[in-house]
Every structure is written in C-alpha cells, then in structure tokens.
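Engineer: Based on what follows, work out the 3D shape:
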Amino acid sequence: MARDQIDMTPLQSRDELVAWIEAGVKPESEFRIGTEHEKTPFTLEGRQPVPYEGAKGIGALLEGMKLLLGWEPIMERGNIIGLYDVTGGGAISLEPGGQFELSGAPVETVHQTQSELMAHLAQVREIATPLGIGFLGLGMTPSWSREQIPVMPKGRYKIMRNYMPKVGKYGLDMMFRTCTVQTNLDFSSEADMVKKLRVSLALQPIATALFANSPFTEGKPNGFLSFRSEIWRDTDNARSGMIPFAFEDGMGFERYVDYALDVPMYFVKRGEEYIDVSGSSFRDFFAGKNKILPGERPTLSDWANHLSTIFPEVRLKRYLEMRGADGVPWGRLPALPAFWVGLLYDNDSLDAAWDIVRHWTAPERQALRDDVPRFGFKSRIKDRYLFEIAKECLILSHAGLRRRGRIDHLGRDESRFLEPLERIIEAGRSPAEEMLEKFNGPWKGSVEPAYQEYAF
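Structural biologist: Predicted structure coming up:
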C-alpha cells in the first residue's frame, strides 16, 4: 500500500468512478509488472517483534532508509510511516504489525523485478543489520501471539482494528500476523480486463498452493498449509473472496464499480485526519448521506482510497492485483510475477488458461478456494487434483514467457524465474509441507530454525 491518494475534486457522477478505473487501459507495448512484497521484521537477538519506537525500532529503520535512498518520507502526525521515490520508482510502507512492504516500481520485465529486489535487499540489510533487525519470508509469523505484536502509528489501522472484530474472526490476524507477495498487471481494454480477471480469479488457488508457506501459529502446526489464505476466508466477507459476479454476463468496469459502491467503507481522510466511517457504504457517501459527514460528497481521492480497502482474491484498480500468495523468502519472490506474466501477458497462454477454467461453476470455484488453505495440491475441482492443474499452468506460463522473449544480459528469458515453482511441482509438495517435514524431523518440533532458513 503506497500513499493514500490526494485529489480533492468532488465527484459528480458514477461515470467518473468508472472513468477512474478505465484510465488504467493501455496498449500492450506499455504493459508493466509491479511486485509488492511484505516481510516480518524480528530482533536478531531473541527473535521478538520489533517495536516502532526506540533507537533500534521500525521508525529508526525507516529514517536510515530515507538517508540511504534519498526517498521522500511519508509522515503522519510527526511519525515516519513510509518512503517513496519521487522519480516514479517504488515505495516502502508499513503494514499494521510492522510488516515491511516494498511496492516495486512498474517495470517491463521480470529480470528488472529481480534487480529491484536485489537492490532493495542490499539497502535494507545495510540499515537493518546494525539495528539488530532481521526479516522473515513466511506467510504468517510462526511464533508470536497477536498480543505481542506492536501497533504501527497509522490512523487508518486504528479504525480497522476497531472494526475488524465486528465483521470476522481473523481480521486482526490478517492485519498483524500475515505477509503476502502480490503482482500487479495491466489490461489493454475492458474485454481484456474481464478475461484476465476471470482467469486469474479461477486460478488464484494455484498460486495459493504453490506459495503456501504459513503452517505454524504460535510455535505449533495450525493444521493448514496456508493459514494466511484461511484467514482471508473469515476476515471480512463483504470485501473479500472470489467475486462470482465477475463471471456473469455484463461484467465490466461498471459492474465492479457497483460492487465497490456497496462495500462498507473504513475511513475518509481529510488533511492529516482519518475519519472513522466504518460500516457505511460509499454509495450513501456518494449521495451525500454519510451520517458522520452529512451533505459532504466524496472526492476522487476518497474513491481511490476506498478501492484500496477492498480485498478480493484479485483486485481491480487501474490494474489487476493478484492477491492469493503467501509471503516467501526472497529467492522465490520473482516466481510470482513470472508465473502470472507468462499466463496473462501471452495471448496463447491466456486462451489456453481460459479453456482450463471456463467450465467451472461459481460453487466449484468457491469450494476449491475453500479447500486450498488446508489441502493445497490435494484439493480437487470436478474430477481433477489441483496438482495436475498447477502442473499444466506452469507449462503454459513457461511457454508464455518463452514467447515473450525478454532476454537478460546473459541471453536468458524470464522463464528461468519459474525454476523454484518447477522444483515444487517435481517434489510434489508445497513449501509448507516441506517445512512441516523439517518441523517433525531436523527442527525437533521447534519453529525457531525458520528464523534462519527462511530469513531474507
């Protein structure tokens, strides 16, 4: 999550809401890849959560990064809460429990994603190591209770923290204990957006299984391969899930806007202040009927901010955001954009992927999504195991990346970034299953070794 948008023009009509999203349409020659990843900071000594305050806290880490990178600080009430590159590069932001997020710049190739990651890693290490901070690449904190985790000083999180327990069992776990890697991809028309949205929604459980990496809660196996994915099933179902309407006739930008208008809001930002409007709809706000701000009409900023508080498995903003994967160690991060670029940015692969999913029904897609956190590759849809479909999709992605033919300085195309996923398919088990084997074997029933083996 980069900065909250600032554009204070009051909105007049629903068409403007549609136009804001539609402005994302671009020619294929201008397609970019954006990758965002979160990692959990921990104290190298004692492996505890890192507080915001203090000489060795998250605030100090951000101050150090600011000096090193020359990026602009994002401030809130005197606290540094993020950084952004004024030249249009990336941004660094904090999730509620201090999870450290890099929102990468929009780049042309997965090779550039890899370079950006390597640079980020070197920069973060330079500042974090003297502060005694390490970073963990798992989908969920493996050993801490929710109470142990410090809260970052961001107004919107205070509002979310109060609201979450009213709408789901796991909202606070999502906020404070999970990490993800996401990739953001473009579309060339409304029809192209719809096709990519449908394919990626239906296949999101494959990314969940390939990246499943959160089998521990508070030091013990939790019964899931991706508990992060399970958390999203009971966080806030009014704003998350498999959005079945995306597969219905008439799907397009307008249909998504109508969905978003009815999703309950969290906040409205006015100057430095976050105003709690949680539970009220954007539709009422749009009609001037918000009880907290009577007669006031939303601005484009309010709309952009509201869209960033909707959390389906694939989110539509001015691009499509793939949201199904657990956070992973840095060596596996570029595999996520590679997987989706190969499937969605190559038209032959996109058509073939659509052929795989087009006959699935909404209840079948939902059942697969519900099963995958626990069963991973052993989940089934119709008469097939997810493992077979994952294997097929990996082949399609590989072929798509080869046809794209984006070559690095050593003459390699982007398909090389799929290697970690190909190893997972060859082994026939998800990263979480491998980790559980270690837990029951060489780790001797302790999650502590994860802080070395899965650290950045």
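Engineer: Can you classify residue 304 as helix, strand or coil?
Structural biologist: Recorded secondary structure, residue 304: helix (DSSP: H, G, I helix; E, B strand; the rest coil).
Engineer: brain fart, residue 275
Structural biologist: Residue 275 ends up strand, using three-state DSSP.
Engineer: Could you pull out the helices in the stretch 101-250 of the chain for me?
Structural biologist: 110-128, 155-167, 171-177, 190-211, 227-232 (DSSP state H, counting those that start in this stretch).
Engineer: residue contacts, residue 306?
Structural biologist: 260, 263, 265, 282, 298 (Cβ atoms under 8 Å, 6 or more residues apart in numbering). All C-beta spots, glycine's among them, are computed from the backbone N, C-alpha and C.
Engineer: circling back to that earlier point, just the helices of the stretch 101-250 of the chain: most buried one?
Structural biologist: helix 227-232 (a mean of 27; mean count of other Cβ atoms under 10 Å).
Engineer: Which residues does that one contact?
Structural biologist: 139-140, 170, 173-174, 178-180, 208, 212-217, 224, 240, 311, 313, 324, 326-327, 372-374.
Engineer: Which helix or strand contains residue 451?
Structural biologist: Using DSSP states H and E, residue 451 maps to helix 450-453.
Engineer: My guess is residue 365 contacts residue 243. True?
Structural biologist: No - between residue 365 and residue 243 there is no contact under Cβ atoms under 8 Å: 10.2 Å.
Engineer: which stretches of the stretch 1-150 of the chain aren't confidently modelled?
Structural biologist: 1-7 (pLDDT under 70).
Engineer: try 90 this time
Structural biologist: 1-10, 88-89 (pLDDT under 90).
Engineer: What about residue 11, how many residues nearby?
Structural biologist: Residues near residue 11, counting by other Cβ atoms under 10 Å, number 17.
Engineer: My error: substitute residue 18 in the last question.
Structural biologist: 18.
Engineer: Run through the residues that contact the residue lying closest to residue 286 once chain neighbours are set aside.
Structural biologist: Once flanking residues are discounted, residue 286 sits nearest to residue 298: 5.9 Å by Cβ to Cβ, 6 or more residues apart in numbering. By Cβ under 8 Å, 6+ apart, the contact list for residue 298 reads 10, 11, 268, 282, 285, 286, 306.
Engineer: 10 Å - rerun?
Structural biologist: Residue 298 sits next to 10, 11, 17, 265, 268, 282, 285, 286, 288, 290, 305, 306 when contact means Cβ atoms under 10 Å, 6 or more residues apart in numbering.
Engineer: Okay, the residue nearest to residue 415 when sequence neighbours are not counted and residue 341: tell me how far apart.
Structural biologist: The spatial neighbour of residue 415 that comes closest, neighbours along the chain excluded (Cβ to Cβ, 6+ apart), is residue 401 at 4.1 Å. Relative to residue 341, residue 401 is positioned 7 Å away (Cβ to Cβ, to the nearest Å).
Engineer: so what sits against both of the two?
Structural biologist: 109, 110, 349, 414, 417.
Engineer: Assess the claim that residue 127 and residue 133 are in contact.
Structural biologist: Yes - Residue 127 lies in contact with residue 133 (Cβ atoms under 10 Å); the separation is 8.4 Å.
Engineer: residues shared between the contacts of these two?
Structural biologist: Joint contacts of residue 127 and residue 133 (Cβ under 10 Å, 6+ apart) are 60, 61.
Engineer: my guess is residue 309 is in a helix, correct?
Structural biologist: No - Residue 309 is assigned coil when assessed by three-state DSSP, not a helix.
Engineer: for it, what are its contacts?
Structural biologist: 1, 156, 159-160, 236, 239, 260, 263-267, 278, 282.
Engineer: From the residues you listed, which shows the smallest pLDDT?
Structural biologist: For the contacts of residue 309, the least confident position by pLDDT is residue 1, scoring 45.
Engineer: what residue is smack in the middle of this protein?
Structural biologist: By Cα atoms, centre = their mean, the chain has its centre lying nearest to residue 182, at 3.9 Å.
Engineer: returning to that earlier point: adding distance to residue 104, write the helices of the stretch 101-250 of the chain out as a markdown table.
Structural biologist: Output for these, formatted as a markdown table (distance: least, Cβ to Cβ, whole Å):
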| stretch | distance to residue 104 |
| --- | --- |
| helix 110-128 | 5 |
| helix 155-167 | 22 |
| helix 171-177 | 22 |
| helix 190-211 | 17 |
| helix 227-232 | 20 |
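Engineer: wait, which of these is closest to residue 359?
Structural biologist: helix 190-211 (10.3 Å; Cβ to Cβ).
Engineer: Let me see the mean pLDDT of the closest one.
Structural biologist: Per-region confidence: helix 190-211 scores 98 on mean pLDDT.
Engineer: Relative to the whole chain's centre, how far out is it?
Structural biologist: The chain centre lies 14 Å from the centre of helix 190-211; the measure is Cα atoms, centre = their mean, to the nearest Å.
Engineer: just stretch 32-49 next, same as before
Structural biologist: 13 Å.
Engineer: next one: stretch 230-242
Structural biologist: With Cα atoms, centre = their mean, you get 14 Å for stretch 230-242.
Engineer: in that stretch, what counts as buried?
Structural biologist: Residues of stretch 230-242 classed as buried: 230, 231, 232, 235, 236, 239, 240, 241, 242 (neighbour count, 16 or more other Cβ atoms under 10 Å).
Engineer: and those, which two are the farthest apart?
Structural biologist: Greatest spatial distance in those: 230 and 239, 16.9 Å, computed using Cβ to Cβ.
Engineer: quick one, what contacts the residue of the chain most remote from its centre?
Structural biologist: Computed with Cα atoms, centre = their mean, the residue of the chain farthest from its C-alpha average is residue 295, at 34.8 Å. Contacts here follow Cβ under 10 Å, 6+ apart; on that basis residue 295 touches 288, 289.
Engineer: What values do phi and psi take at it?
Structural biologist: phi 80, psi -10 (degrees, to the nearest 10).
Engineer: what sits against residue 240?
Structural biologist: 168, 174, 231-234, 263, 310-313, 315, 323.
Engineer: Can you redo those as JSON lines, where the extra columns are distance to residue 76?
Structural biologist: Formatted as JSON lines, these follow (distance: Cβ to Cβ, whole Å):
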{"residue": "168", "distance to residue 76": "26"}
{"residue": "174", "distance to residue 76": "21"}
{"residue": "231", "distance to residue 76": "26"}
{"residue": "232", "distance to residue 76": "26"}
{"residue": "233", "distance to residue 76": "31"}
{"residue": "234", "distance to residue 76": "29"}
{"residue": "263", "distance to residue 76": "24"}
{"residue": "310", "distance to residue 76": "22"}
{"residue": "311", "distance to residue 76": "22"}
{"residue": "312", "distance to residue 76": "27"}
{"residue": "313", "distance to residue 76": "30"}
{"residue": "315", "distance to residue 76": "24"}
{"residue": "323", "distance to residue 76": "25"}
